[in-house]
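*Asks:* okay, sequence plus prediction incoming.
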Amino acid sequence: MLRHTTKETLIALALVTPFVAIYGLVFVYPTIKMFLLSFTDAPLIGPGEYVGVENYTRLTSDRRFDTAFWNTAYFVLLSVIPGTFAALGIALGVERLGGRLQSLVLALFFLPYILPVSVVYLIWDWTLNFQFGIAMHVFDLLGIQRVPIFKSTAWFMPAVALVTIWWTSGFSVLLFLSGLRAIPKEIYEAAALDNASRWTTFRRVTWPLLWPVTALVLTIGLIAQLKIFDQVYLFSTGGRPNDNMVMVYYIFQRAFQSDQGGRAAAIAVVLFAIVMIVSVLNFQLMRLSRGRA
């Protein structure tokens, strides 16, 4: 028995060791180095002098950091909750379809998710560009004044949030469909025997049973959108990037444009802490609200 247990332990260690080694090399080691770098005045490449918490205290009076923080929070508010409900609505609609039509509609909604961000940028630039965008020609036909969406501070974040929802909702739709298909049909049959309306069935049956999937979709969305960079960077081209600054964009500026690796690392550590805290709080709040329900 002891030899058998020892053999299983050795096999388990042999299987786990490659993953642990790669995880430590790719994630744990760079994270520790980033944390240590945040206490120095080092450039992007090369050593620097130890400066303590100076890089962190500077952030309290850094106007661009404030702009990046609040723009990131604003974008998360515009994209995560609306995107979750949009994906839920699409999943409920697709679930009512059948056969090849369901597969076709699902493929159409999932197609944007597999596109690279450069293609997404080109599609929406052709659509919303102030000079030659398709939407602007529609505005002309309707007698509506053209709006420079991606060069306007007021319109930029809502437009990028809309693009992001269109781009990423396909994956959330798949998660919700999986949750819907896991609900036993007998529960709906019992609700029908009780003459429950569609809204009552959704509120009393579908929504509570979909709550774990909803929590997962919200958590994934929070983590992803807190780290937004690609869309903002591309759509800010030729516009006002400092007004549209988000956290990762600011890290990019400090590290690659200003060659301030220490200060960029400090911002990255703050963002890492925000992502961890928000994710844990979101998960705990979801679990508490589910328990009360």
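*Replies:* Structure's in. What do you need? Numbers count the residues shown, from 1 in each chain.

*Asks:* where in the stretch 1-150 of the chain is pLDDT low?
*Replies:* The stretch 1-150 of the chain contains residues with pLDDT under 70 at 1-4.

*Asks:* which residues are in contact with stretch 141-155?
*Replies:* Contacts to stretch 141-155, defined as CB atoms under 8 Å, 6 or more residues apart in numbering, come from residues 125, 128-130, 136, 139-140, 156, 159, 235-236, 238-240, 243-244. No exception for glycine: its C-beta is placed from N, CA and C like everyone else's.

*Asks:* how close does residue 270 sit to residue 81?
*Replies:* Look at residue 270 and residue 81: by CB to CB, to the nearest Å, they are 24 Å apart.

*Asks:* determine which two of the contacts of stretch 141-155 are furthest apart.
*Replies:* 140 and 243 (27.1 Å; CB to CB).

*Asks:* so which of residue 270 and residue 81 has more stuff around it?
*Replies:* Neighbours per residue, other CB atoms under 10 Å: of residue 270 and residue 81, the larger number sits with residue 270, 18 against 13.

*Asks:* who's more crowded, residue 140 and residue 243?
*Replies:* residue 243 (14 against 11).

*Asks:* my read: that one touches residue 67, true?
*Replies:* Yes: contact criterion CB atoms under 8 Å: residue 243 and residue 67 qualify, at 7.3 Å.

*Asks:* which ones are touching residue 125?
*Replies:* By CB under 8 Å, 6+ apart, the neighbours of residue 125 are 133, 150, 235.

*Asks:* now the residues you listed as TSV including neighbour count?
*Replies:* As requested, those are exported to TSV (neighbours: other CB atoms under 10 Å):
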residue	neighbour count
133	18
150	24
235	23
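
*Asks:* of the residues you listed, closest to residue 226?
*Replies:* residue 235 (18.1 Å).

*Asks:* now stretch 120-137, how far from the chain's geometric center?
*Replies:* 24 Å (CA atoms, centre = their mean, to the nearest Å).

*Asks:* same deal with stretch 199-214?
*Replies:* With CA atoms, centre = their mean, you get 23 Å for stretch 199-214.

*Asks:* can you give me the end-to-end span of that stretch?
*Replies:* Stretch 199-214 has an end-to-end distance of 18 Å (CA to CA, to the nearest Å).

*Asks:* and the contacts of that stretch?
*Replies:* 84, 88, 92, 175-176, 178-180, 182-183, 187-188, 191-192, 196, 286, 290, 293.

*Asks:* ranges for the helices of the stretch 51-200 of the chain?
*Replies:* Using DSSP state H, counting those that start in this stretch, the helices found in the stretch 51-200 of the chain span residues 54-59, 63-95, 99-110, 117-128, 134-142, 153-181, 185-193, 198-201.

*Asks:* okay if I get those as JSON lines plus distance to residue 212?
*Replies:* Converted to JSON lines, those look like this (distance: least, CB to CB, whole Å):
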{"stretch": "helix 54-59", "distance to residue 212": "37"}
{"stretch": "helix 63-95", "distance to residue 212": "13"}
{"stretch": "helix 99-110", "distance to residue 212": "21"}
{"stretch": "helix 117-128", "distance to residue 212": "30"}
{"stretch": "helix 134-142", "distance to residue 212": "38"}
{"stretch": "helix 153-181", "distance to residue 212": "7"}
{"stretch": "helix 185-193", "distance to residue 212": "16"}
{"stretch": "helix 198-201", "distance to residue 212": "19"}
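
*Asks:* please name the residues that touch the residue most central in space within the chain.
*Replies:* For the chain, the residue nearest the mean C-alpha position is residue 224 (2.3 Å; CA atoms, centre = their mean). Neighbour list for residue 224: residue 168 [criterion: CB under 8 Å, 6+ apart].
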